[in-house]
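Peer 1: Got a predicted structure here, sequence first:
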Amino acid sequence: MDFVSPVLDVASRICNCLGDRADHLRRLPQNLISLRAAMETLNNVYKDVKERVEREENLEKKRTHVVDGWIGRAEAMEKEVNELLDRCDEVIQKKCFGTCCPRNCRASYKLAKMVPEKIDAVAKLQSEGSNFQEVAAPLPSPHVIERPLTEKPVVGLDSPFREVWGLLQHKQVGSIGIYGMGGVGKTTLLKKINNKFLQSSIKAFDIVIWVVVSRPTNLERVQETIRSRLQIPDDRWKGSEDDKATEICRILKTKKFVLLLDDIWEPLDLLRVGIPPLGDGNQSQSKIVFTTRSADEALSLFQAKVGEDTLNSHPDIPKLAEMVAKECKGLPLALIVIARAMASAQTPEEWESNLKKLRLYPKDVAGTENDLFSVLAFSYDILPDEATKSCFLYCSLFPEDYQIPSEHLIQLWIGEGFLDEYDDIQEARNQGGKITQMLKHACLLEVGKLNGEYLKMHDVIRDMALWLACEKGKKKNKFVVKDGVGLISAQEVQKWKDAQRIALWNKTRIEELREPPCFPNTETVITLKLLAPEIGNLATLQYLNLSSTMIKYLPIELKKLKKLRFLMLDGLSLVGPLPNQLVSSLSSLQLFSMKSFISMLTIDEIMLLEELEQLEHINDISIRLTSIRSIQRLFESHKLRRSTTSLQLTRCKGVNQVQLVSPSCIKELVLERCYELEEVKIIHFEKQVVPSKFRNPQCCFNHLLSVRINSCINLLNLNWLIHAPKLQYLDILNSQTIEKVIEDERSEGSEIESGLSVFSRLVCLNLFNLPKLESIYEHPLPFPSLRQITVEECPRLKKLPFDSRICMSKKLENINGQQEWWDGLEWNDQTLMHNLTPILSTPWEPIKC
């Protein structure tokens, strides 16, 4: 009996074991179905998380380490599950003949046992991904943000700069006021003070905050600007104006800050904004600097703007210059503008004639500002033609201190018909560019941000333009511009019946009217409202820009706009399809733009391209495409290829190679989130271009000015850029594979010297999150046009393709990058490193509250 019991126990254990294994094998088919379903759910969560991350990264945010790790684990899990499924499917198919038993029971059991474990692991990973509250965080705010200065220095600012900077060093001084009439250089002086804090040796303050106040004073806008610099999160930015002021005050009390307030016209209650009193604690060392207005005189300013060549061209001119300056009533902006207008007059007769004209301008309206307008109107009247004058007055429709995109402004001019004498849209664009240059030269427009891609109008010049547009103040509502004023009453709207142009900006809205308003003379309306079907009644409408509005549907009535020449639909979030045959019905259409849009429905890109091809006058297309068929359809059409100026390829699934057909008129190219893309090739019709032959103009993208590559994670290099000799802007972001921007082992410099130089027109280069990047170009290049280069999170980039020529060009203004990266760079010439170090801008570490 003692012998039988152990035998039975062993037998029982064997049976249980075999039963357990048999159970795993029996449940394998059902478990595989469950695993596939779980994996499908995980893939959906993975896609959602990736899309959230991409949206945040496009807003200049950085994904969190937790999310980045989860994405990596999800991708690895997908690979593991697919391998397991393949092996299990093979086991199920290979059974012993005539039975349901697998041939290799031991191996099959191991696989069958792994399936439930994987189901649990997939479910856990899916649960983690579904519960991410935050997928990306804002990049740390820098200690101070550089303010752009005009290329030509303003006369006489060195002395006041030294004085203000000296006062900032005194502990007893808390507030500093800078006053003077418009145009004297107060804003420029404040910018110089702001930029002085960029020097790494100056670390006395935790943060420098720049706020443009302007008029009318908008407390909410001031608070929002400060909130942005302090990076106050949404969950702490709720409630009333007082609540927001309390939150600002709470944070500023922990810091030594400098607050720079530009263009104050009326008293500003800093306590209501949230600025703590400058007294105890950190605030005893904090500073406030503000600019405001007063009158001033400066004959030397007038003489400096006229120029020595003109003043010395005849003995009588200096005396005449004094007389003209006197007519400017000591107003600095008038001195600047009139001096620019007189700079080309090099005979006494011209000066006497212009002085006579200047004295004839009316002074019938009392007040310094109106006296100034009368003087400045001289610079308007000597503009060469009515088209240029109309273009200038049109700029006053934008809000005060508004950064106007120059290309957008020119499009508006064309749409308004100011440049109708040019049948070709490109010729009209070129003339618009000449007009902007002319207005800048006359000091009627100023260079804005991004080195001239934006324009701005000095607030006094803007006020003068509105005064002129309203017939020197006689018809006050001829040009109506409202910015951030809230709700406008019906009674006020009734006063606009004679308005020629109406512009409503920034939360300005009209109260509900009992009946539609009548504006019989109105030619222009700029506002952000929902698009009503009545749009079809505007039979003469030529320009329609719906970009970045809240419009969800495009009404079919748009088909009636037979005279429409410009249609912009960028950045829309449509929930409905494009009406059938809408685009092809717009028989006068010359420009069509539909990029960066978001649609809940798939846009039929092939249909859209075919409709565009039917348009007789179309010659400027900006479009986003998402499939290889669409790309091929575009480049197969000579008309579409010739008309496309901006091409955005996004989320092109299954595309590992893109072929761009040359010659092409593309000016802007964006490749975004094409995850499988490995290569871009240039072909000339049916023949592939040999890269080394880029001297042949037929093989070049001669019009290409801007390229942006974002999240093309398998792209190996950008060798094809040698076919874009006029490239000005290059952004490469979030690529895990690129090791060299341009890899040209064949050239050894010889081909570059014999043809157009690589990157010879490049103005701005941005490289971000390229972990494997080792080289931009293996030989030094002159970069005669480069103004700015930014390198972030490119740890392997140890050498820049610079030599002494980069300093000789005197164009490079700014190098952005981490100090650690800069210190680790390798240099053939240490002198070059020392010469470039002063223009290095390094991000500051975030300050903990």
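Peer 2: Thanks, I have the structure now.
Peer 1: Now for Phe378: which residues touch it?
Peer 2: Neighbouring residues of Phe378 by Cβ atoms under 8 Å, 6 or more residues apart in numbering: Ile338, Ala341, Asn354, Lys357, Leu358, Tyr361. Every residue, glycine included, has its C-beta placed from N, CA and C.
Peer 1: Return the item of those having minimum pLDDT.
Peer 2: Least confident of those in the model: Tyr361, at 54.
Peer 1: Mind checking which of the contacts of Phe378 are in helices?
Peer 2: Taking DSSP state H as the definition of helices, the contacts of Phe378 contribute Ile338, Ala341, Asn354, Lys357, Leu358.
Peer 1: Was I right to think the first one contacts Leu358?
Peer 2: Yes - in this structure, Ile338 is within contact of Leu358 by Cβ atoms under 8 Å, at 7.4 Å.
Peer 1: For the two, indicate the residue with more neighbours.
Peer 2: Taking other Cβ atoms under 10 Å, Ile338 and Leu358 do not tie; Ile338 has more neighbours (26 against 20).
Peer 1: Let's have the ones in helices among the contacts of Phe378 in JSON lines, adding distance to Leu572.
Peer 2: As requested, the ones in helices among the contacts of Phe378 are arranged in JSON lines below (distance: Cβ to Cβ, whole Å):
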{"residue": "Ile338", "distance to Leu572": "45"}
{"residue": "Ala341", "distance to Leu572": "43"}
{"residue": "Asn354", "distance to Leu572": "50"}
{"residue": "Lys357", "distance to Leu572": "49"}
{"residue": "Leu358", "distance to Leu572": "50"}
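Peer 1: what's the closest of those to Ile742?
Peer 2: Using Cβ to Cβ, Ala341 is the member of the ones in helices among the contacts of Phe378 that sits closest to Ile742, with 47.1 Å.
Peer 1: Could you list the residues in contact with stretch 50-64?
Peer 2: 67, 71, 132, 134-139, 673, 710-711, 733-734.
Peer 1: tally of neighbours for Gly654?
Peer 2: For Gly654, the neighbour count with other Cβ under 10 Å is 9.
Peer 1: Am I right that Trp467 falls within a helix?
Peer 2: Yes - counting by DSSP: H, G, I helix; E, B strand; the rest coil, Trp467 is located in a helix.
Peer 1: Can you tell me the closest non-neighbouring residue to it?
Peer 2: Phe373 (4.8 Å; Cβ to Cβ, 6 or more residues apart in numbering).
Peer 1: what sits against the one you found?
Peer 2: Phe373 touches Asp463, Met464, Trp467, Leu468, Lys472, counting by Cβ under 8 Å, 6+ apart.
Peer 1: any idea which helix or strand carries it?
Peer 2: According to DSSP states H and E, Phe373 maps onto helix 368-381.
Peer 1: Repeat that for Ala245.
Peer 2: Under the criterion of DSSP H and E, Ala245 resides in helix 241-252.
Peer 1: Against which helices or strands is that helix packed?
Peer 2: Applying 3 or more Cβ pairs under 8 Å, 6 or more residues apart in numbering; DSSP states H and E, one finds that helix 241-252 contacts helix 219-230, helix 270-273.
Peer 1: For the nearest residue to Ala341 once chain neighbours are set aside, give me the pLDDT.
Peer 2: Nearest in space to Ala341, with sequence neighbours left out and distances taken as Cβ to Cβ, 6+ apart, is Ser379 at 4.7 Å. On pLDDT, Ser379 comes in at 80.
Peer 1: From Lys357, how far out is Ser379?
Peer 2: Using Cβ to Cβ, to the nearest Å, Ser379 is found at 11 Å from Lys357.
Peer 1: Tell me which strands the helix or strand harbouring Val258 pairs with, and in which orientation.
Peer 2: Secondary structure assigned from DSSP H and E places Val258 in strand 257-262. Applying DSSP bridges to the sheet, strand 257-262 is found paired with strand 207-212 (parallel), strand 287-292 (parallel).
Peer 1: related to what we said a few turns ago, please work out which of the helices and strands packed on helix 241-252 is packed deepest.
Peer 2: helix 219-230 (a mean of 17; mean count of other Cβ atoms under 10 Å).
Peer 1: Now do the contacts for Val481.
Peer 2: Ser396, Leu397, Pro399, Leu466, Ala503, Trp505.
Peer 1: Out of those, list just those in strands.
Peer 2: In this view, the contacts of Val481 that belong to strands under DSSP state E are Ala503, Trp505.
Peer 1: Determine which two of the contacts of Val481 are furthest apart.
Peer 2: The distance between the two most remote of the contacts of Val481 (Cβ to Cβ) is 14.0 Å, for Leu466 and Trp505.
Peer 1: Just the helices from the stretch 451-600 of the chain, written as ranges.
Peer 2: Secondary structure of the stretch 451-600 of the chain (DSSP state H, counting those that start in this stretch): helices located at 459-469, 490-494, 582-585.
Peer 1: Which one of these lies nearest to Gly274?
Peer 2: Of all the helices of the stretch 451-600 of the chain, helix 459-469 sits nearest to Gly274, with 25.5 Å by Cβ to Cβ.
Peer 1: Tell me how far Leu591 lies from Glu672.
Peer 2: Distance from Leu591 to Glu672, by Cβ to Cβ: 22 Å.
Peer 1: The two: which is more packed in?
Peer 2: For Leu591 versus Glu672, neighbours defined as other Cβ under 10 Å are more numerous around Leu591 (23 against 20).
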